[in-house]
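Engineer: my questions are about this predicted structure, shown below with the sequence.
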Amino acid sequence: MPTTQDNAAASPIGRDTRRVDGPLKVTGKAQYASDYHFPGLLYGVPVEATIAHGKVTKLDTAAAEKMPNVRAIFHRQNIGKIFRSTPGEGFEGISDERRPPFEDDVVRYYGQYVALAVADTFEAARAAADAVRVTYAKEKPNVETNLEADDEPEVVPTTVGSTPRLQSQRGDAEGAFAGAAVKLDETYVTPTETHNPLELHATTAVWEDSKLTLYESTQSIFNTRSVLAQMFGLPQENVRIVTKFVGSGFGSKLWPWTHCPLAAAAARQLGTPVKVVVSRKMMFQTVGHRPRTQQRVRLAATPDGKLVSLQHDYVCHQAILDNYHEDCGETTAFLYSVPNLRVAFGRARRNVGSPTSMRGPGAVPGLYATESAMNELADQLKMDPVQLRIINEPKVDEEKGIPFSSRHLLECLELGKQKFGWSKRTFEVGSMKRDGLTLGWGMANCTWMAARFPADATVHLRDDGSVRVACGTQDIGTGTYTNLAQIASEKTGVPLDKIEVALGDTSLPPGPISGGSMATASVIPAVWAAADRAISSLLSIATSTPGGPFEHRKADDLALGQGKVFVKADGSGSGVPIAEVLRRANVRLVAGNGKSESTFANPKPKFSSHSFGCHFVEVTWQPEIARLRVSRVVSVIDAGRILNPLAGRNQVEGAVVMGLGMALFEHTNYDPQTGAPINSNLADYIVAVNADTPRIDVHFLDFPDKELNELGARGIGEIGLAGVAAAITAAVHHATGVRVRELPVRIEDLLT
């Protein structure tokens, strides 16, 4: 049944589109988790442990409890029962820090919550939290930066399930390496990085009898519902999560953290709403981070550059009790053609809060190591690094033995070379100059997974000519409101300004998590199917309305386009608007429901689905004043069909800036004596800002991947960060001759 607009040029898909939620944000009408206020609302401020290893021996709350406007100081003895949650099917019951707050008196990381002060005002709660006196039996924490894998079994638990430590193996990687003509054996290190989204983590908890509503900053409303229902022993239908807007998360808001059940428990005990907002300093301690990684990469090749062996062994740190796994080997087995390969990992427990997903988890630090190694191998071979990658381009996914659903990496490389002017690059270190500066040019490939999570959606066609599309996912700032409006507009022909999008509420049809760059790809089939069913109902009504213009037609004779029902043979010019069709039938609205099945972690896929791309980077170096700057970046991304190129370019530009921060600035340091994050603020934890941002030129290829969904769209949120740091360090070497293998690049590294 044709349901798209007759005039393809008018399609909202693939057109630069301003955010439909933009006016709400710029006028301050968009409500974030900490913006909700209710009668009797109280404020909670956690009391943080000031040691990283030891035990609470005494908690003196007397002075704090007597302070003005203080309602309670909650701790292990009076918080009430909070149960542990357990993972369920799919993305249910997931949290990185599994231990409920206050479950025992043991302190395992600096900043762990040991009490909660609740008061009439935030200021009073803050003062009361400061007045709580905690006595500890202190032990020396382990925050050692050199990582050696703990003795763990061959299959280890992780946040989302069990994983073999030997991730991938084919051929004889050791033997092929030993006998190869050209070898590389290097170790690459990425530091702890801390998410710093603009919006602080926050929970506003409201109880009505045995029903709990949380206004929450989360990237997964349904998983949060599952976790909180378990923690408070409630049926899921008694828990509602509302997340209308998120001020970004970068992965830190994927799963609930301990402040969330604390707010709910305090509200339960006091019988009134309680709000807890995590401070910026606390965000360096209690809501996750990208773990430190140490990755050994061994490459072996023939003299003409053909890879014969690839070994990738890595270790990342994890918390004392938890089982997060940073999957640095995620892309290693399929990115290049190599007959002999081995990928394995280990983990090292440290006295830190649990790590968690951070934009491009696994692939981003992993590609820093493997792409850096490829660049070093190219230099060793005296070969263009682009040519080395072309030589080793696979025809199929050699890990799974199946074809790629869509792979256009060679086209990315060709366009990137052209747009960057790569043919002008000279091989010798320090040989390129401009305006008295030494130039360095580097590049790297990038890739990211493509899959769908399960999703449901409803579409309503209404008698005022408007359309409502609803899905219980959330918009974390990536443009989901706009994407759903575009999809509904594409199917119905109704303009964007007459489409209402409802998101961010567990009372809506279940939707996907906003993680893995998969939300958009997941909702497309659900909205598509829902719109088809709503349209089918509309056409049936049109043919069955007595005295209507289509009374004597069959539904198969009709179609919907440009917001009108029309006879296919006549075209949409003589059609009847949706509103008129429904009003004639005295029908307020017609509804359609749609569902998208998951393809994520499919054990027997027919195709290997990923996005691909490359980054070309220019740096400038002034040795006289030791000044290094990234001056230019060209990124080319093959991510299927881009629904909204304006937002898509913004996504990749933002990711590139984050990659610049990863390469040159970002690292969280832990004090070896106290275990505290030393630079736990935005003055000392340096991120890239406007003055650091180079010219960024983003290009998308247009190869729709129809194996994934009807529009052929794949995610783009994370691939823009993958590979950037490796391209920058390659450019740094080209300019300075210094090979930096531990991020971030420091000026002292270059003054050798």
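Structural biologist: Great, that's in hand.

Engineer: please save the CA atoms from stretch 126-133 in PDB.
Structural biologist: Only the C-alpha atoms of stretch 126-133 are listed here, as PDB (Å, rounded to 0.1, in the frame of the first residue of the first chain):
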ATOM      1  CA  ARG A 126      23.900  20.500  52.200                       C
ATOM      2  CA  ALA A 127      24.700  21.900  55.600                       C
ATOM      3  CA  ALA A 128      23.300  18.900  57.400                       C
ATOM      4  CA  ALA A 129      25.300  16.500  55.200                       C
ATOM      5  CA  ASP A 130      28.500  18.400  56.000                       C
ATOM      6  CA  ALA A 131      27.600  18.200  59.700                       C
ATOM      7  CA  VAL A 132      27.500  14.400  59.800                       C
ATOM      8  CA  ARG A 133      30.600  13.000  61.400                       C
END
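
Engineer: please shift the residue numbers so they start at 23 in all later answers.
Structural biologist: Let's use 23 as the start, then, which means that last one is stretch 148-155.

Engineer: give the buried residues for it.
Structural biologist: Buried residues in stretch 148-155, defined by neighbour count with 16 or more other CB atoms under 10 Å: Ala149, Ala150, Ala151, Ala153, Val154. To be clear about C-beta, it is placed using only N, CA and C from the backbone, and glycine gets the same treatment.

Engineer: which other residues reach it?
Structural biologist: Contacts with stretch 148-155, where a contact means CB atoms under 8 Å, 6 or more residues apart in numbering, come from 67-69, 80-83, 85-87, 89, 92, 95, 137-139, 141.

Engineer: can you flag the buried ones in the residues you listed?
Structural biologist: Among the contacts of stretch 148-155, those classed as buried by 16+ other CB under 10 Å are 67-69, 81, 83, 86, 89, 92, 95, 137-139, 141.

Engineer: circling back: JSON lines for the buried residues of stretch 148-155, including distance to Glu114 and pLDDT?
Structural biologist: What follows is these, written out as JSON lines (distance: CB to CB, whole Å; pLDDT from 0 to 100):
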{"residue": "Ala149", "distance to Glu114": "39", "pLDDT": "98"}
{"residue": "Ala150", "distance to Glu114": "36", "pLDDT": "98"}
{"residue": "Ala151", "distance to Glu114": "33", "pLDDT": "98"}
{"residue": "Ala153", "distance to Glu114": "40", "pLDDT": "98"}
{"residue": "Val154", "distance to Glu114": "35", "pLDDT": "98"}
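
Engineer: report the outermost residue of the protein with respect to its centre.
Structural biologist: Distance from the C-alpha centroid of the chain peaks at Gly569, with 53.3 Å (CA atoms, centre = their mean).

Engineer: show me what contacts that one?
Structural biologist: Gly569 neighbours (CB under 8 Å, 6+ apart): Arg606.

Engineer: what's the helix or strand for it?
Structural biologist: Using DSSP states H and E, Gly569 sits within no helix or strand.

Engineer: can you give me the distance of it to Arg606?
Structural biologist: Note on Gly569: its distance to Arg606, by CB to CB, to the nearest Å, is 8 Å.

Engineer: got it, and Leu765?
Structural biologist: Leu765 sits 66 Å away from Arg606, going by CB to CB.

Engineer: the two: which is more packed in?
Structural biologist: Using other CB atoms under 10 Å as the criterion, Leu765 and Arg606 rank with Leu765 on top: 25 against 19.

Engineer: and the nearest residue to the more buried one once chain neighbours are set aside, bridged to which residues?
Structural biologist: The shortest distance from Leu765 to any non-neighbouring residue, by CB to CB, 6 or more residues apart in numbering, is to Thr212 (5.1 Å). Counting by DSSP bridges, Thr212 forms beta bridges with Thr315.

Engineer: was I right to think Thr212 contacts Arg763?
Structural biologist: No - using CB atoms under 8 Å, Thr212 is not in contact with Arg763, being 10.1 Å away.

Engineer: the two: which is more packed in?
Structural biologist: Neighbours per residue, other CB under 10 Å: of Thr212 and Arg763, the larger number sits with Thr212, 28 against 17.

Engineer: end to end, how far does stretch 218-236 reach?
Structural biologist: One end of stretch 218-236 sits 22 Å from the other (CA to CA, to the nearest Å).

Engineer: same deal with stretch 338-353?
Structural biologist: This stretch, stretch 338-353, spans 16 Å end to end (CA to CA).

Engineer: and stretch 439-453, by the same measure?
Structural biologist: Using CA to CA, the end-to-end distance of stretch 439-453 comes to 19 Å.

Engineer: ok now that stretch, how far from the chain's centre?
Structural biologist: When C-alpha coordinates are averaged (CA atoms, centre = their mean, to the nearest Å), stretch 439-453 and its chain have centres 33 Å apart.

Engineer: buried stuff in it?
Structural biologist: Across stretch 439-453, burial judged by 16+ other CB under 10 Å covers Lys439, Phe442, Trp444, Arg447.

Engineer: do stretch 716-728 as well
Structural biologist: Pro716, Ile718, Asp719, Val720, His721, Phe722, Leu723, Phe725, Pro726, Asp727.

Engineer: what number of residues lie near Thr324?
Structural biologist: By the measure other CB under 10 Å, the count of residues near Thr324 is 13.

Engineer: that one is in contact with Val330, isn't it?
Structural biologist: Yes - using CB under 8 Å, Thr324 makes contact with Val330 at a distance of 6.3 Å.

Engineer: now for the one helix or strand Cys338 maps to, which elements pack on it?
Structural biologist: If you go by DSSP H and E, Cys338 is part of strand 329-341. Here strand 329-341 touches helix 195-200, strand 315-323, strand 363-372, helix 385-403, going by 3 or more CB pairs under 8 Å, 6 or more residues apart in numbering; DSSP states H and E.
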